[in-house]
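A.B. asks: with the sequence up front, the predicted model follows.
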Amino acid sequence: MAFTRIVPEIGTQGKDVTLWGVLLVLSLLLFVGCTLSVRVRVGETVSVCLGKGVELEGGNFSLFFRDVLEDSRCPQGVECFWEGRVVALFDVQENATEIELVESKLPKILPFGSYCVVFLGVFPPRTSLTPPAKDEYRVVLRIEEYALGNP
């Protein structure tokens, strides 16, 4: 109520200033929240939330957890004829890569240049027919050096 009384007194210019101020604050919050990345060392296990990234110390390898495209895992306590999978979208060294993660086939090792990413788990577990909210997803992984077929 107070806002509607103040804005008419300020005039049209006040609305623009208020709107730009709100947009600026929201943009800054989104920018800070979406660009934060965790720095890790080779061999260190890390949990990466959706919308966050991982950078290897030294800056020569990065991975960003961009999206979950599919979660067809069988919910706990339900009998399914197919175990399902999670298909996640990552930016690896700034190249978009879809990665299929099947829980019974984890850990999954994928080479990327002179490094490999060892995917260890997807959380939270599926507990109902409705998948978790996107902001709840996290992937546990480790970055290793990759020596021609031997992670």
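C.D. replies: Now that the structure is in, tell me what you want to look at. Residues are numbered from 1 along each chain as shown.
A.B. asks: how near is Gly51 to Leu101?
C.D. replies: 17 Å (CB to CB, to the nearest Å). Backbone N, C-alpha and C define where each C-beta goes, glycine included.
A.B. asks: what about the helices in this structure?
C.D. replies: Using DSSP state H, the helices of the chain run over 2-10, 12-35.
A.B. asks: pick out whichever of Gly51 and Leu101 has more residues nearby.
C.D. replies: Between Gly51 and Leu101, counting by other CB atoms under 10 Å, Leu101 is the more crowded of the two (21 against 17).
A.B. asks: isn't the more buried one right next to Val122, touching?
C.D. replies: Yes - judged on CB atoms under 8 Å, Leu101 makes contact with Val122 at a distance of 5.3 Å.
A.B. asks: now do the shared contacts for those two.
C.D. replies: Val86, Ala88, Val139 (CB atoms under 8 Å, 6 or more residues apart in numbering).
A.B. asks: just to revisit the earlier point, lowest mean pLDDT across the helices of the chain, which one is that?
C.D. replies: Least confidently modelled of the helices of the chain is helix 2-10, at a mean of 38 by mean pLDDT.
A.B. asks: below-threshold pLDDT in the protein: ranges please.
C.D. replies: 1-36, 148-151 (pLDDT under 70).
A.B. asks: how is it divided into domains?
C.D. replies: Using automatic domain parsing, the domains assigned to the chain come out as 2-32, 37-145.
A.B. asks: most tightly surrounded among these?
C.D. replies: Ranked by mean neighbour count, the domains of the chain are led by domain 37-145 with a mean of 15 (mean count of other CB atoms under 10 Å).
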